[in-house]
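[1] The sequence and its predicted three-dimensional model are supplied below.
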Amino acid sequence: MRRITVAAGPLTLSGLQSDPPDGPPRALVVALHGGGMSAGYFDGQAHPDLSLLTLGAHLGYRVVALDRPGYGASAAQLPAGRTLAEQAADVAAAVRQLASAEGAGGGVLLLAHSFAGKLAFLLAAEHAPDDLLGLDVSGCGTRLAVPPEQVRQGRSVRRLNWGPLSLYPSGTFQASATVVAPMPEREVDSVGAWERLSAEMLPGVRVPVRLTFAEHEAWWRHGDEDVADVVGRLAAAPRVVVDRMPGAGHNISLGWAARTYHLRVFAFVEECLRGPGRPAASHVPVTDAGP
């Protein structure tokens, strides 16, 4: 694994990259962290099994976890962050640069957590590269389970972000000190608008989508009716897979469930590479309900 910078229009984004040890990558997985986190979210250090980057390289994928605009290398330049639309354009430019310079194998999958799920949906709807295989989104629905203003309440959101502490390896919270980052003001201000915006954005997504909801997800409503609302808005996607992750809190990639979740991510990439849900296929909606 190595630290990288990527040109994204007028910005320089930082991130982490891992590559397969032998031969070209099967595909490029671009991972986008949630609000108040950083690229290190996908390289959990509390236990060897947690890192998406390590597992992905072992399985033959190039994995790039980007610090979104307003985080990492661009934080000083963008102290208030960027709007969702601006971030989508920035990240689309970064993905094009990565695919051109580093190689994308059979295509690009966007893996997005929490706030970045909104970004991934918008990017797919309005800036989708030709080689976009699909979206894998966790911790993001369309109906908040808490008032939007609660995102500003500091310590009171810890339970929402983490759930029961037993879901995480010993040392997680010491290790995560290098992963958390201030959430830019523009992101905080946009939280309450998502239910309305998702009704406009999600119908434009035309690649396969996998949605994962943790057992102890507390930010988003994820009952059967709520999940059906998300799936219904993705009517143009050729395939929508809904998965439930037992023994996990909102921050799935930092908990004991991370390895299982990450293996399912790469299984979905394989399905996108080989299956009838490739972007060039006819857009016939198929919904797979997980356990």
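    Ah, there it is. From a predicted model like this one, the values you see are computed outputs, not experimental measurements.

[2] the helices in the stretch 101-250 of the chain, which residues?
    115-126, 158-162, 172-175, 185-190, 194-201, 224-233 (DSSP state H, counting those that start in this stretch).

[3] who wins for proximity to H33 among these?
    Closest to H33 of the helices of the stretch 101-250 of the chain is helix 115-126 (CB to CB; 5.9 Å). Backbone N, C-alpha and C define where each C-beta goes, glycine included.

[4] could you say what helices and strands that closest one packs with?
    Using 3 or more CB pairs under 8 Å, 6 or more residues apart in numbering; DSSP states H and E, the elements in contact with helix 115-126 are strand 28-32, helix 84-101, strand 108-113, strand 132-138, helix 194-201.

[5] wait, which of these is closest to G56?
    Closest among the helices and strands packed on helix 115-126, using CB to CB: strand 28-32, at 5.8 Å.

[6] For the residue nearest in space to the middle of the chain, which non-adjacent residue is spatially closest?
    With distances taken as CA atoms, centre = their mean, the residue of the chain nearest its centroid is A112 (0.7 Å). Using CB to CB, 6 or more residues apart in numbering and skipping the chain neighbours, the partner closest in space to A112 is A120 (3.7 Å).

[7] Look up how far R158 lies from the one you found.
    Going from A120 to R158 by CB to CB, to the nearest Å gives 25 Å.

[8] give me the low-pLDDT residue ranges for this protein?
    152-156, 276-291 (pLDDT under 70).

[9] Longest strand of it, counting residues only.
    Longest strand in the chain by number of residues, with DSSP state E as the criterion: strand 240-249.

[10] picking up where we left off before, who are the contact partners of the residue nearest to A112?
    Each residue near A120 by CB atoms under 8 Å, 6 or more residues apart in numbering is listed here: L32, L110, A112, L135, V137.

[11] okay, these in CSV with distance to R26 next?
    Shown next, in CSV, are these (distance: CB to CB, whole Å):
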residue, distance to R26
L32, 20
L110, 16
A112, 20
L135, 18
V137, 21
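
[12] hang on, the earlier thing: for the helices and strands packed on helix 115-126, which one sits closest to I252?
    So among those, strand 132-138 is nearest, using CB to CB, at 5.6 Å.

[13] The nearest residue to R62 once chain neighbours are set aside and L167, how far apart?
    Nearest non-adjacent residue to R62, counting by CB to CB, 6+ apart: P25, 3.8 Å away. Distance, P25 to L167, by CB to CB: 31 Å.

[14] before we move on, what about Q77?
    Taken as CB to CB, the span from Q77 to L167 is 36 Å.

[15] can you check H216 too?
    In terms of CB to CB, H216 sits 7 Å off from L167.

[16] Now for those two: what residues contact both?
    Taking CB under 8 Å, 6+ apart as the criterion, H216 and L167 both touch A248, G249.

[17] returning to what we had before: tabulate the helices of the stretch 101-250 of the chain in a markdown table, adding columns for distance to A258.
    Below are the helices of the stretch 101-250 of the chain laid out as a markdown table (distance: least, CB to CB, whole Å):
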| stretch | distance to A258 |
| --- | --- |
| helix 115-126 | 17 |
| helix 158-162 | 13 |
| helix 172-175 | 10 |
| helix 185-190 | 24 |
| helix 194-201 | 25 |
| helix 224-233 | 22 |
